[in-house]
Each structure stands twice: as structure tokens, then as C-alpha cells.
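Engineer: Give the three-dimensional model of this entry:
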Amino acid sequence: MKKAAVIAALFTLFVGFSSIPAMAVPIVFNLGFGGTVSYGGGDSAFTTTNGAVTQVGNGSTNLSIAGGDLDFATGNYIGGGATTSGFENNYAAGGSVTIHGDIGSGSVLLMQGNFADTSTFTCCSGTSPVYASSFDGLLDISYVDADLAAALGFNPPASGGSIAQVEIFFGTSPTATGVAFSGTQGGGALSVSEVPEPGSLLLLGSGLAGFAIWGRKKLAIKR
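Structural biologist: Model (predicted):
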């Protein structure tokens with residue numbers, strides 16, 4: 001009887017774990033060199049216009065994007081301050097983010113969303129004639145193209161995302177927080193994440209519960 005109980009409990013646990021799909025892998029858009037990054041000063045938004053997007057992938061499959069185009073605007077500037085390397089500007093949630101491009105059947109809207117929280121521009125490193133900076137923020141994703149999702153095994157809706165422009169180049173360095181500037185996107189990434197399947201978590205819970213029940217019975221028998 002004890003052996004049968006052990007086997008049953010372990011089988012339940014095994015079913016719970018084995019029924020869980022592999023961890024959801026985000027799709028990632030690679031940002032290239034090109035496009036205008038700017039801030040108008042004061043309470044203006046931080047924007048990127050015609051930012052280059054070269055490909056999108058899931059870690060095992062990569063798709064080239066012809067004419068990939070990133071356009072976004074954050075919420076308004078909400079403050080900033082000095083850092084060890086210069087300064088940073090913070091921007092409110094909101095605004096909009098879109099990527100258009102052609103993955104094989106003509107140029108379409110590939111993804112759309114907005115900024116989920118405060119985003120940050122950080123300045124600056126390097127020396128004249130090229131100063132490098134960065135920008136990052138969290139995203140709410142409202143749309144992913146169905147053909148793109150199918151090609152990469154992505155299951156909409158998205159749970160969220162993030163953007164990181166890891167290089168922004170300036171011929172003239174931005175001078176201080178709250179002061180206008182304009183530069184060029186140098187590279188980075190925008191990622192979009194899946195929503196985990198609730199059923200897989202339920203199966204995991206049932207497996208652990210079965211093992212816990214067997215453990216309590218075993219302790220009761222020993223007593």
C-alpha cells in the first residue's frame with residue numbers, strides 16, 4: 001500500500017510538471033542605426049521618429065524586416081537630475097509606440113503599445129564629436145501582427161514589453177536636464193512578452209498538492 005501511495009503521489013506530481021509548457025520566450029525587435037531621437041525641452045515628450053528596426057526573433061527563429069520603422073513618444077517630461085556621468089531625464093507613462101515593416105507580405109503595423117511607467121533618458125558618455133546616451137522604459141503592448149506572431153510561435157495577447165535604446169549619438173552633447181536636444185538612434189532592442197497560460201499553473205499546483213497530501217499521510221502513519 002505504501003509503495004502504491006508513493007507511486008500515485010509521484011505520478012500526480014510528474015503530470016503537474018510535465019504538463020507545463022516551456023517558459024514563454026519573448027519576441028525581440030532589433031533596433032539599428034538611424035532615426036531621429038529628440039526632446040523639445042520643458043515638459044515635452046521624448047520622441048523617436050523613423051528609428052531603424054532590422055529584424056525580429058524569438059531566440060531560435062529570426063525574421064528580417066524590410067523598411068522597419070520605430071516611432072514613439074513618451075508621456076511628458078516630469079523631472080530629472082544629475083548623475084555621475086551627466087544627467088537623466090524622466091518621462092511620464094502614456095504616449096504611444098509603433099513598429100511598421102515588411103516581414104514578407106508588404107509593410108504593415110507589426111506592434112503597437114504605450115509606455116506603462118516612467119521612462120528614463122541617461123546622458124552622456126564619450127567625447128566630441130560623438131557623445132553616446134541611452135533610453136529605456138517599460139511598455140504595455142496592445143497589438144502584435146497575427147502573421148508575425150504565428151511565424152514566431154507567439155501567443156497573443158502580450159503581457160507587456162520593454163524598450164532599450166542602448167546607444168543614442170549626438171554631435172553636440174545635451175547640456176542639462178530639461179534642455180532640448182536632438183540625436184540619432186544607434187541601436188538597441190524592443191521586447192514583447194507572452195501572458196503565461198493559467199492552466200499550466202493550476203496543473204503545477206495540483207501536482208504539488210498531491211505530493212503534500214502523501215507526505216502528511218506518511219507522517220501520520222509513523223506517529
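Engineer: from what I can see Ala151 touches Ile103, true?
Structural biologist: Yes - between Ala151 and Ile103 a contact is recorded at 7.1 Å, counting by C-beta atoms under 8 Å. Where C-beta positions appear, they are placed from N, C-alpha and C, glycine not excepted.
Engineer: tell me the strands in this structure, going along the chain?
Structural biologist: For the chain, applying DSSP state E gives strands covering 27-31, 36-39, 45-57, 62-82, 87-91, 94-102, 107-115, 119-127, 130-144, 158-170, 181-194.
Engineer: which of those strands sits most buried?
Structural biologist: Mean neighbour count (mean count of other C-beta atoms under 10 Å) peaks for strand 27-31 among the strands of the chain, with a mean of 23.
Engineer: got a list of contacts for it?
Structural biologist: 51-59, 65, 68, 70, 99, 110-111, 144, 148-149, 152, 154, 165, 185, 187-192 (C-beta atoms under 8 Å, 6 or more residues apart in numbering).
Engineer: Do me a favour and average the pLDDT over it.
Structural biologist: When pLDDT is averaged along strand 27-31, the result is 97.
Engineer: from the middle of its chain, how far away would it be?
Structural biologist: 9 Å (C-alpha atoms, centre = their mean, to the nearest Å).
Engineer: Let me know the angle separating it from strand 45-57.
Structural biologist: Here the directions of strand 27-31 and strand 45-57 differ by 120 degrees (axes from the mean of the first three to the mean of the last three C-alpha atoms, to 10 degrees).
Engineer: Taking strand 158-170 as reference, get the angle to strand 27-31.
Structural biologist: Going by the same axes, to 10 degrees, strand 27-31 makes 10 degrees with strand 158-170.
Engineer: what angle separates strand 27-31 from strand 62-82?
Structural biologist: 70 degrees.
Engineer: Residue ranges in this structure under the pLDDT threshold?
Structural biologist: 1-24, 129, 195-223 (pLDDT under 70).
Engineer: again, only using 90
Structural biologist: 1-25, 83-85, 124-132, 156-157, 159, 171-175, 194-223 (pLDDT under 90).
Engineer: Isn't Gly59 up against Val25?
Structural biologist: Yes - at 5.4 Å, Gly59 and Val25 qualify as touching, with contact defined as C-beta under 8 Å.
Engineer: Ala151 and Ile103 - which one has more neighbours?
Structural biologist: Between Ala151 and Ile103, counted using other C-beta atoms under 10 Å, Ile103 has the larger neighbour count: 20 against 17.
Engineer: related to what we said a few turns ago, need the overlap of contacts for Ala151 and Ile103.
Structural biologist: Leu63.
Engineer: Run through the residues that contact Thr172.
Structural biologist: Tyr131.
Engineer: at 10 Å instead, please
Structural biologist: 128-129, 131, 181-183 (C-beta atoms under 10 Å, 6 or more residues apart in numbering).
Engineer: Next one: it from Gly75, what distance?
Structural biologist: Separation of Thr172 from Gly75 (C-beta to C-beta, to the nearest Å) stands at 26 Å.
Engineer: ok, now Thr54?
Structural biologist: Taking C-beta to C-beta, one finds Thr54 at 27 Å from Gly75.
Engineer: What separation do you get for the nearest residue to Val179 once chain neighbours are set aside and Ala146?
Structural biologist: Of all residues not flanking Val179 in the chain, Gly41 sits nearest, at 5.7 Å (C-beta to C-beta, 6 or more residues apart in numbering). Distance of Gly41 to Ala146, computed by C-beta to C-beta: 40 Å.
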